[in-house]
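[1] Any chance you can model this:
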Amino acid sequence: MTDVLSRLQSAGVLSPLDVQLARTLERLQPGQSEPVLLGAAFASRAIAHGHICADLRELDARPLVDEAGESIDDVRLPRLFEWVMELGQTTLCSDGSGGSDTTPLVFDGEARLYLTRYWRYQHTLCTSLRSRAMTQLPIDTEQLGADVRRLFAGGKGKVSDPRQMLAAVMAAARRLTVISGGPGTGKTTTVVRVLALLIEQALSRGEATPRIMMLAPTGKAAARLSESVTRSLKDLACTDEVKAALPVEARTLHRALGYLPHTPTRFRHGREDPLPADVVLVDEASMVDLALMAKLVEAVAPEARLILLGDKDQLASVEAGAILGDICNTEGSHAYSAPFGAVLREVLGENANSLPTDGRTTTGPWDCIVELTHSFRFKADDGIGKFSQALRSGRSPEALAQLQHGDDAVSMVQLRDDTELEAILRPAILEEFSDYLSASDPQARLDALGSYRLLSAHRRGAFGTERLNLLIEDILLRAGKIQRADAGPNYHGRPIMISANDYQLGLYNGDVGVIERDGRRLRAYFRAADGTLRTPLLPSRLPPHETVFAMTVHKSQGSEFDRVGLLLPPALSPILTRELIYTGVTRAKKAVRLYGTPEVLQQSVERRVERASGLRDALWSP
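    Numbering: from 1, shown residues only. Next up, the predicted model:
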C-alpha cells in the first residue's frame with residue numbers, strides 16, 4: 001500500500017497531505033484494505049481540486065494519468081465494485097445517517113466518498129435551504145400586488161422585466177430567495193426594490209422596520225454592492241421613510257460572521273448566536289464555497305429571510321463546491337408548484353403570463369429560484385451579449401463565427417507563443433493605460449483604472465499574471481510612462497490589489513488602490529464605501545498586495561471594466577473552461593479583445609467545470 005501511495009504522490013496525482021491522511025488512518029486502525037486507504041487519499045485530493053467529495057465512478061471510468069497527462073501503467077486503482085464493497089464494511093466509514101461525526105469518512109453507498117467535515121457541511125446546508133424554501137409565509141396578495149407593480153413599473157408604467165417582479169413575490173413569500181442573472185440583467189436594481197418591498201410590507205403590518213444586512217464574499221464585491229445600492233436609491237418609487245431604512249453599506253461575509261484569528265475555521269456568529277438581522281442578502285453568491293456557505297446559512301436566524309444573488313454561469317468558488325449552480329439545478333425545468341403558481345397569477349396579474357407557472361407539482365426549492373434573462377446592457381443579437389450567450393450555451397462555432405465577422409465589441413488577436421507577448425501587447429498597453437498614467441490625482445487615477453484590465457486564466461507561467469505585470473511595467477518603464485526611484489516594488493502610479501484581509505485597517509482581499517507620490521513620500525489611496533478617498537496609508541503599513549495592471553479571471557469576479565483584454569495560453573490547461581471564458585468576457589461593458597488561438601477558445605468553450613458534489617441530488621430529491 002505504501003508503494004502505491006508513494007507512486008501516486010511522485011506522479012503528482014496525490015499531494016503529501018493526501019498521502020499523510022491515508023497513512024495516519026492506517027496507523028490508527030491497522031489492517032485497512034487498499035481501496036479504503038486509497039479512497040481516503042482521493043477524498044482528501046478532491047477538496048484541493050474544488051470538489052466536495054471523491055466521485056469513485058469517475059475514478060473508475062477514466063484512465064489514471066500523471067500531472068503531465070501521461071498514463072500511469074504501473075498502478076491499478078480499485079474497480080468501483082471493490083470500492084463499494086470495502087467502504088461499506090470498514091469502520092472508518094459511516095453512511096452519514098443521523099449526522100454522525102464518529103468516522104473520518106462518509107460513503108453514500110454508491111459512488112461518493114466524503115471527508116466527514118465536508119459531508120457535514122453539505123448536510124447542514126441542504127437541510128437549512130430545504131427548510132427555508134418550503135416555508136410559505138402569509139401575504140396579503142392584493143397589497144403585495146399593488147406594491148410590486150408600483151416599485152417595478154418601468155417607462156409609461158410598463159414593467160420592464162416580469163421576472164424581477166417574480167423575485168419580489170418570492171422574497172415576500174419565502175424565507176429563501178435565489179436570484180441568478182448575467183451582467184446587465186438588473187440583479188442589483190431588482191434586489192434594492194425587493195428590500196424596499198420587504199420594508200413596506202413590514203410597516204403595513206404594523207411591524208418594526210426589518211434589520212437588513214448586505215454581504216459579499218470579498219471587500220471589492222462589498223464595495224461594488226454598496227455603490228450600486230446607493231445609486232439605485234434615487235429611482236425608487238417609495239417614501240423617504242422607506243429609503244432611509246435601506247442599508248447602504250455592505251460588509252464581507254467574514255467580517256459579518258465575526259472572524260476569529262485564533263480559530264480561522266470558526267466564527268463568532270452561528271446557530272447559537274445568529275446574525276442580528278431579519279433579512280440577509282448575499283451578493284456574488286457563486287464565489288462562496290461550501291464551507292463558508294454552510295456556516296453563513298447556519299448563522300442566519302430561522303425566522304430571517306435569506307436572499308442569494310449571483311450568476312450561476314460564472315466560475316465557481318476557488319475552494320470546494322459550486323454551490324449556486326447546484327442550488328439553481330441548471331439541468332432542471334423552472335416550473336413552479338401549483339399553489340405558488342396561483343399566488344403569482346393573483347399578485348402579478350397579466351405579468352404572470354410570461355412566467356413558467358405551468359402548475360406542475362415540483363420537489364425541492366423550485367418556488368424560491370428565479371433567473372433574470374433580459375440584459376439591459378447588451379443587445380441579445382449583437383456584440384458582447386450575443387458572444388456571451390454563445391459561450392454560456394457552449395456554442396463554440398457561433399462564438400468563433402462572431403469573432404471572424406469583425407464585430408467592434410468582440411475581437412481576437414492571434415497569439416501562439418509567449419515570445420510574441422511583448423510585441424502584441426505593447427500597443428494596447430500604451431493606449432489603454434494612457435488616461436490612467438496621465439491622471440492628475442488619486443481619485444481620477446482610480447476612475448481611469450476601471451476603464452481597462454488585462455485578464456489571464458493563470459497566475460503563474462509564461463502567460464500568468466505574475467509575468468504579465470512585470471512585462472507591462474517593463475513596457476511602461478521603457479516608454480517613460482513610469483519611473484522607479486529605488487529598487488523597491490512601489491512607484492508613483494503603481495496600481496495594487498490587496499491579497500489578504502486586514503480587519504484593523506479595514507482593507508480586504510480584492511480591494512484595489514493606487515500608489516501616489518505625496519511630496520517626498522509615496523502613499524496608498526483606496527476608496528471608501530461612499531466613493532470618496534480614504535485617508536492615505538504608507539505602503540509599508542499595507543497587508544500583502546500585488547500589482548494589478550493584469551489580474552486573473554478568478555480575481556476579476558465582481559468587477560466591471562469598460563474594456564477587457566483576455567489572454568488565453570497557447571495550449572489547453574485544466575482550468576480553461578466555458579465558465580472561465582464567460583466570466584472573463586462579461587467583465588467588459590463595451591469591448592473585449594481575446595489574445596490566443598481559435599483552437600484553444602473552441603476547446604475551452606466545449607469544456608465545463610465539473611465538480612463532484614452530492615448537494616444537487618440532496619436538494620432536489622423528493
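[2] Residue ranges in the stretch 451-600 of the chain under the pLDDT threshold?
    Along the stretch 451-600 of the chain, the parts satisfying pLDDT under 70 run over 485-487, 529.
[3] The spatially closest residue to residue 327 that is not a sequence neighbour sits in which helix or strand?
    Leaving out its chain neighbours, the residue that sits closest to residue 327 by C-beta to C-beta, 6 or more residues apart in numbering is residue 178, at 5.7 Å. Quick note: C-beta positions are derived from backbone N, CA and C, even for glycine. Per DSSP states H and E: residue 178 is located in strand 176-181.
[4] Direction included, what does that strand pair against?
    strand 305-310 (parallel), strand 369-372 (parallel) (DSSP bridges).
[5] quick check, distance from it to the centre of its chain.
    The chain centre lies 14 Å from the centre of strand 176-181; the measure is C-alpha atoms, centre = their mean, to the nearest Å.
[6] The following helix or strand past it to strand 176-181, inter-axis angle?
    Downstream of strand 176-181, the next assigned helix or strand under DSSP H and E is helix 187-204. Between helix 187-204 and strand 176-181, the angle comes out at 150 degrees (axes from the mean of the first three to the mean of the last three C-alpha atoms, to 10 degrees).
[7] what packs against helix 187-204?
    In this structure, helix 187-204 makes packing contacts with helix 141-151, helix 162-173, strand 176-181, strand 212-216, helix 219-232, helix 240-245, strand 279-282, strand 305-310, judged by 3 or more C-beta pairs under 8 Å, 6 or more residues apart in numbering; DSSP states H and E.
[8] related to what we said a few turns ago, what's the spacing between the residue nearest to residue 327 and residue 218?
    Note on residue 178: its distance to residue 218, by C-beta to C-beta, to the nearest Å, is 20 Å.
[9] go on, residue 153?
    From residue 153 to residue 218 the distance is 34 Å (C-beta to C-beta).
[10] Residue 58 contacts residue 112, correct?
    No. Contact status for residue 58 versus residue 112: not in contact, 10.2 Å apart, counting by C-beta atoms under 8 Å.
[11] quick one, which of those two is more surrounded?
    Shown here are residue 58 and residue 112; by other C-beta atoms under 10 Å, residue 112 has more neighbours (23 against 13).
[12] partners of the more buried one in the sheet?
    Per DSSP bridges, the residues bridged to residue 112 are residue 55.
[13] I'd like the distance between residue 371 and residue 132.
    Using C-beta to C-beta, residue 371 is found at 19 Å from residue 132.
[14] Over to residue 146?
    26 Å.
[15] who's more crowded, those two?
    residue 132 (20 against 12).
[16] ok, and the closest non-adjacent residue to that one?
    residue 176 (3.7 Å).
[17] which residues of the stretch 151-300 of the chain score low on pLDDT?
    Low-confidence segments of the stretch 151-300 of the chain, defined by pLDDT under 70, span residues 154-160, 264.
[18] 50 instead?
    Scanning the stretch 151-300 of the chain for pLDDT under 50 picks out 156-157.
[19] beta partners of the residue nearest to residue 132?
    Applying DSSP bridges, one finds that residue 176 bridges with residue 306.
[20] Likewise for the one 5 residues further on?
    Under the criterion DSSP bridges, residue 181 forms beta bridges with residue 372.
[21] Now residue 84: which helix or strand?
    Here residue 84 sits within helix 80-87, counting by DSSP H and E.
[22] what comes up buried for that helix?
    80, 82, 83, 84, 86, 87 (16 or more other C-beta atoms under 10 Å).
[23] Equivalent analysis for stretch 230-240, please.
    Applying 16+ other C-beta under 10 Å to stretch 230-240 flags 230, 232, 236, 238 as buried.
[24] Can you convert the strands paired with strand 176-181 into a markdown table and add a column each for mean pLDDT and mean neighbour count?
    Below are these laid out as a markdown table (pLDDT from 0 to 100; neighbours: other C-beta atoms under 10 Å):
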| stretch | mean pLDDT | mean neighbour count |
| --- | --- | --- |
| strand 305-310 | 92 | 26 |
| strand 369-372 | 84 | 24 |
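[25] And those: which comes nearest residue 346?
    Nearest to residue 346, of all the strands paired with strand 176-181, is strand 369-372, at 17.5 Å by C-beta to C-beta.
[26] can you give me how far the closest one is from the chain middle?
    In this view, strand 369-372 has its centroid 16 Å away from the chain centroid, taken as C-alpha atoms, centre = their mean.
[27] Same check on stretch 5-18?
    30 Å.
[28] Name the residues that touch that stretch?
    Defining contact as C-beta atoms under 8 Å, 6 or more residues apart in numbering, one finds that stretch 5-18 is touched by 19, 22-23, 37-38, 41-42, 44-45, 48, 64-68, 72, 74-75.
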